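A.B. asks: model this:
(chains A and B)
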Amino acid sequence: MFGYVVRRLLQLIPTFFGATLLAFLVIQLAPGDFVTRLELDPTQDRESIANLRQQLGLDQPLPVQYAKWLSGILQGYLGLSLSYKTDVWNVIGQRILNSMVLVVLATLMIYLIAIPIGVYSAIRKYTWPDRTFTVLAFLGLAIPNFFFGLIMLFLAVWLSDLTNMRLLPIGGMTDEFLHLGNMTRAAQVLFPFALAGTLVYAGLFWWRNRQGQAPSFGVWVGLILFGASSLLMLAPLLQGPGLPARLPYSESPLWARATNVLWHAFPVVIVVGTSGLAGLMRVMRGQMLDVLSQDYIRTARAKGLNERVVIYKHALRNAVIPFIAGIGGLLPGLIGGAGLVEVTMAWPGITPALLEAISAIDIYVIMGLITITTVLLMIGNVVSDLLLAWVDPRIRYS
Amino acid sequence: MLVLAGLALAQPKVFKGTEPGRAGGAYRITSISDPRTWNPFVARETSSTDIISLFLPYLTTYDPYTQAPEGRLAKSWEVRNNGLTVIFRLREGARWSDGQAIDADDVVFSATVHADQRVNSNSRSSFILDGQPIRWTKVDQYTVRADFPKPYAPALIQGWYIVPEHVFGPAYRAGVQQLQALWNLDTPPAQVVSGGPFKLDSYVKGERVVLVRNPNYWGVDERNNPVAYLERYTVQIVPDLNAQLARFLAGEADTFAAANADQVAQVLERIRSNRLRAEIFPNVDVTLGTNFIVFNWNHKDAFKENLFRQVKFRRAMAHLMDKKSMIEVALGGLGQPQWSPISIPNKAFFTDDVAKFEFNPQRATQLLAELGFRSKNRDGWLVNAQGKVLEFNLVTNQGNNVRERIAQIFRDEARKIGVKVEYRPIDFNELVRQLTSPAADGTRDFDAILIGLTGGIEPAFSRNVWELNGSLHAWNLGTGGKNPAKVEAFEVLIDTLMKRGATTLDQAQRRQIYVQFQKVVAENLPLIYTVAPAYNPARLTRLGGMFPKEQINSITGQAPYIETIFAKE
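C.D. replies: Sure, this is the predicted structure:
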């Protein structure tokens, strides 16, 4: 096992060089460079354009540029952003964190909803709930995210007209000012959901206990998740008076900032989540159907095992194996951002920055992102291989 | 005693607003992208300079009411020596936000750095005249003298930013790298010294820039109250135009410029149904941007080169421009036809009295017949006596919907009379390369390009396009931007006019020169202009100090000065 891990890690080195070199070449194959757009500016003369190229090192041959960049990378320096004139990490660092908020929340939402629905659909295939889920799944897959994002924005405007309250945010990640009455607006909107969730999961908890069954993993997760969020929403009540009604974001207490970000993330996560949800739900259903038709399930049933045990202990455990293999892919996905919906809903994530960098040909920002993604993808693959070996008894590395 | 104190304090600039205002309130706008830097020597894009101009002063600019030169940090100026010398007198007592005086040292230092080739400031062309530097010297603490190698008209509209010498000086002396590293986006906003109406308060990447009033600003209104009135100025970064619209519709942004008829309709609908207290002014002016077709006069193919050099050919092409359809289809019904190079909003120099080759396919056919293209071949394309088909490629930059539609309309009209135009959108950088980089023998490899240049308020700033040795002499470009091999008489005339326009100081004479320039261009069509997109500004009614409808223009915008905008609520 140990030898296998070392071997995998050693393989990463040539892969890394190959991948970054390829990326570098592809970026450079596109016509023009960072300075090209200045050439159509009548107030610029040839001399200063040439100067700028030289200052930025764009006039040097490609191997030299790549070597310079590589030597920086090996020292942990991602390079200098051409348009921001600062370390690439300063440009993308905060944005990666912002994107992670969305991706983590959306992934949680997807897994928490898709797996149960997938299992349900598989067990009761071709019933009307299964068909409804199927239709919804295809709708979710069919609507492009950026378009759904726009619909959300206009829904937000429409809702605020209808109710005279700002129920949904109009894009962005934070508000300039937070209104701290007894509760933030975010808390007002989200608190009923969190409370309802807590009650439902607490009810399940209680019910299963009464039936003499141990609470399942899903119930635990749901209870903790919803319980924690409703507690968070209650925080303003505990804060009491003493705070002004309106504070700039940066001077507000942590709970207010957190709920404000969550509130802004809410519609974006729904948009990002739906398409992933739809896909995963279908995959889960297929996996489950596949496993349920296997011999060992038939054997288990023939032995007279409880249907619940057959499904949850034997079938589900095998059906989720491909998802565990997919966890490796999540890692680069975390920093890859949530895609165009970040642009349409003005979420300051990584996608707007990447698009800007691509259109300006800010090579080192692009390269920086590719590098981080490559490294995470490679590490993620190693991790998912190890996880697979742990979950799937048929795989052994030795 | 009071009078003395007043004198000792400052000689403030008086900002004449459109109505009496009052202090306080916030102004919220949206921007399509993040600023790149706070350092004016590094800044190259409007997303940065739009914010820098709120906190760094400049000597002079133009009067928003008359578009004539107007002093900012310069209290007055005096032109001497037949225009070779300009003496600027600065406002005494003006202070930076950190309390230091803004004086001649700051001005001369800033000019030196802007002119320094190693720094490569975006404003550098304001300091070099035909290869010779403009010399800036300090006369006394509040007097600065500029010596020009020859008279230079735009000298009085100096839009370059003045920086505090006590901040930038030590870094500059330590090396250009240090200077360029100053005031980047990671600099704490409190360290960014302001000499303008606002100062930086905070910046969150990808979200917003917040500026607050600079208490040390040297501006007052007509009743001698300090300006700016506004307490807070927020730039929200919203990278999507539809999201910007949503923000405005929700009343979370104070101004909005509708890009097309659809957005205008949405704003109008909302105002009419009383859900938004705002005003919108559709088509009140056009934007400064231009769109034109340029033909390649340095073609490898002698037949094409010769064809493109014929003024009759270009006029025929101009007659094929269905500008009405272009406005309807490409601009959604809002916009104006353009016939000559100076942008329509530039009232000081623009003239409508130029030759107009209006949409007229019969006339185009006739002109092409005069060039020998009398009959059509079996496929229906016009051919000359040797059987050569009248055909060329037209490209424009991919992704610019307006240009793509304009090009398609032109292509369709040309095909109707038998001119074979192959239209194709291509990558912007590839287009720039084709346009600006001639091969060693001076030829370039395109037929026709539909492109635009941003027009400014000062025609002399586009000298690179019009002078024979200009690096953007797009239709007939010499190798390295110098000395095209063959030139036409009208090009020489344009060159002369541009040079005279830049070196004449008398405003009336300058207008005459540029009027003649527009006539020559419209007559000879080296660039065939198409249509200009409309400027459709909208604003919430909570704002005061804005222009009434008749005075709104796309150069100044919706208000004469940011200093005199105020919040009514």
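
A.B. asks: where does the chain dip in pLDDT?
C.D. replies: If you meant another chain, say so; for now it's chain A. Chain A contains residues with pLDDT under 70 at A:181-188, A:215, A:217, A:235-244, A:329, A:396-398.

A.B. asks: oops, wrong one, chain B.
C.D. replies: B:1-10, B:455.

A.B. asks: now for A:Trp390, how many residues are close by?
C.D. replies: A:Trp390: 10 surrounding residues under other CB atoms under 10 Å in any protein chain shown. (Each C-beta comes from the backbone N, C-alpha and C, glycine too.)

A.B. asks: again, but for A:Leu292
C.D. replies: A:Leu292 has 21 neighbours, counted by other CB under 10 Å.

A.B. asks: same deal with B:Ile32?
C.D. replies: B:Ile32 - counted by other CB under 10 Å - has 13 other residues nearby.

A.B. asks: check B:Phe308 too.
C.D. replies: Neighbourhood size, B:Phe308 [other CB under 10 Å]: 23.

A.B. asks: quick one: contacts for it?
C.D. replies: Contacts for B:Phe308 (CB atoms under 8 Å, 6 or more residues apart in numbering or on different chains) come out as B:Phe295, B:Asn296, B:Trp297, B:His299, B:Arg314, B:Asp447, B:Ala448, B:Trp475.

A.B. asks: got phi/psi on B:Ile344?
C.D. replies: Phi and psi for B:Ile344, reported as degrees, to the nearest 10, are phi -60, psi -40.

A.B. asks: quick one on the thing from earlier: which of the contacts of B:Phe308 sits closest to B:Thr112?
C.D. replies: Comparing these against B:Thr112 with CB to CB places B:Trp475 closest, at 37.2 Å.

A.B. asks: how much space between the residue lying closest to that closest one once chain neighbours are set aside and chain A?
C.D. replies: Leaving aside its sequence neighbours, B:Trp475 sits nearest to B:Pro526 (CB to CB, 6 or more residues apart in numbering or on different chains; 4.6 Å). Distance, B:Pro526 to chain A, using CB to the nearest CB, to the nearest Å: 14 Å.

A.B. asks: isn't B:Pro526 up against B:Glu491?
C.D. replies: Yes: counting by CB atoms under 8 Å, B:Pro526 does reach B:Glu491; the two are 7.2 Å apart.

A.B. asks: so A:Tyr296, which of the three states?
C.D. replies: Recorded secondary structure, A:Tyr296: helix (DSSP: H, G, I helix; E, B strand; the rest coil).

A.B. asks: distance of it from A:Ala122?
C.D. replies: Per CB to CB, to the nearest Å, A:Tyr296 is found 16 Å from A:Ala122.

A.B. asks: when these two are compared, which one has more neighbours?
C.D. replies: A:Ala122 (22 against 12).

A.B. asks: is it correct that the more buried one falls within a helix?
C.D. replies: Yes: counting by three-state DSSP, A:Ala122 is part of a helix.

A.B. asks: who in the stretch 101-250 of chain A is up against chain B?
C.D. replies: A:150, A:153-154, A:156-157, A:160-161, A:170-174, A:176, A:248-250 (CB under 8 Å from any CB of the partner chain).

A.B. asks: can you name the residues bridging to B:Asn536?
C.D. replies: B:Asn536 forms beta bridges with B:Ala258, as assigned by DSSP bridges.

A.B. asks: residues near it, how many?
C.D. replies: Residues near B:Asn536, counting by other CB under 10 Å: 24.

A.B. asks: just to check, it is in contact with B:Ala265?
C.D. replies: No: counting by CB under 8 Å, B:Asn536 does not reach B:Ala265; the two are 10.6 Å apart.

A.B. asks: what are the contacting residues of the helix of greatest length in chain B?
C.D. replies: Identified as the longest helix of chain B according to DSSP state H is helix B:507-524. Residues outside helix B:507-524 that contact it (CB under 8 Å, 6+ apart) are B:68, B:153, B:311, B:314, B:339-342, B:348-351, B:353-356, B:459, B:466, B:488, B:490, B:493-494, B:497-498, B:500-501, B:504, B:527.

A.B. asks: could you do stretch A:38-45 as well?
C.D. replies: Residues outside stretch A:38-45 that contact it (CB under 8 Å, 6+ apart) are A:49, A:52, B:44, B:122, B:125, B:128, B:432, B:435-436, B:451, B:453-454, B:456, B:461-465, B:470-472.

A.B. asks: could you export it as CSV, CA atoms only?
C.D. replies: Taking C-alpha atoms only, stretch A:38-45 is exported to CSV below (Å, rounded to 0.1, in the frame of the first residue of the first chain):
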residue,chain,number,x,y,z
LEU,A,38,-3.7,48.6,-26.8
GLU,A,39,-2.7,48.6,-30.4
LEU,A,40,-6.1,49.9,-31.4
ASP,A,41,-5.9,52.8,-29.0
PRO,A,42,-5.1,55.9,-31.1
THR,A,43,-3.4,57.6,-28.1
GLN,A,44,-0.8,54.9,-27.8
ASP,A,45,2.4,55.0,-29.8
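
A.B. asks: get me the contact residues on the stretch 1-150 of chain B for chain A.
C.D. replies: Applying CB under 8 Å from any CB, we find that the stretch 1-150 of chain B lies next to chain A at B:28, B:33-34, B:36-37, B:39, B:42, B:44-45, B:117-118, B:120, B:122, B:124-125, B:128.

A.B. asks: now, of these, which are buried?
C.D. replies: For the residues of the stretch 1-150 of chain B next to chain A, a neighbour count by 16 or more other CB atoms under 10 Å in any protein chain shown gives the buried set as B:28, B:33-34, B:36-37, B:39, B:42, B:44-45, B:120, B:122, B:124-125, B:128.

A.B. asks: just those residues: which are in strands?
C.D. replies: Judged by DSSP state E, the subset of these located in strands is B:Arg28, B:Ile128.

A.B. asks: just send the buried ones among the residues of the stretch 1-150 of chain B next to chain A back as CSV, with distance to B:Gln512 too.
C.D. replies: Formatted as CSV, those follow (distance: CB to CB, whole Å):
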residue, distance to B:Gln512
B:Arg28, 44
B:Ser33, 40
B:Asp34, 44
B:Arg36, 40
B:Thr37, 41
B:Asn39, 40
B:Val42, 39
B:Arg44, 34
B:Glu45, 35
B:Asn120, 36
B:Asn122, 31
B:Arg124, 30
B:Ser125, 25
B:Ile128, 27
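
A.B. asks: which of the buried ones among the residues of the stretch 1-150 of chain B next to chain A lies closest to B:Asp240?
C.D. replies: The closest of those, once distances to B:Asp240 are taken by CB to CB, is B:Ser33, at 10.9 Å.

A.B. asks: so the closest one sits right up against B:Ser48, yeah?
C.D. replies: No: with contact defined as CB under 8 Å, B:Ser33 does not count as touching B:Ser48 (9.6 Å).

A.B. asks: do you have the strands of the stretch 1-150 of chain B handy? List them.
C.D. replies: For the stretch 1-150 of chain B, the strands defined by DSSP state E, counting those that start in this stretch cover B:13-14, B:26-31, B:60-62, B:69-71, B:74-80, B:85-90, B:128-129, B:132-133, B:135-140, B:143-147.

A.B. asks: thanks a lot, catch you later.
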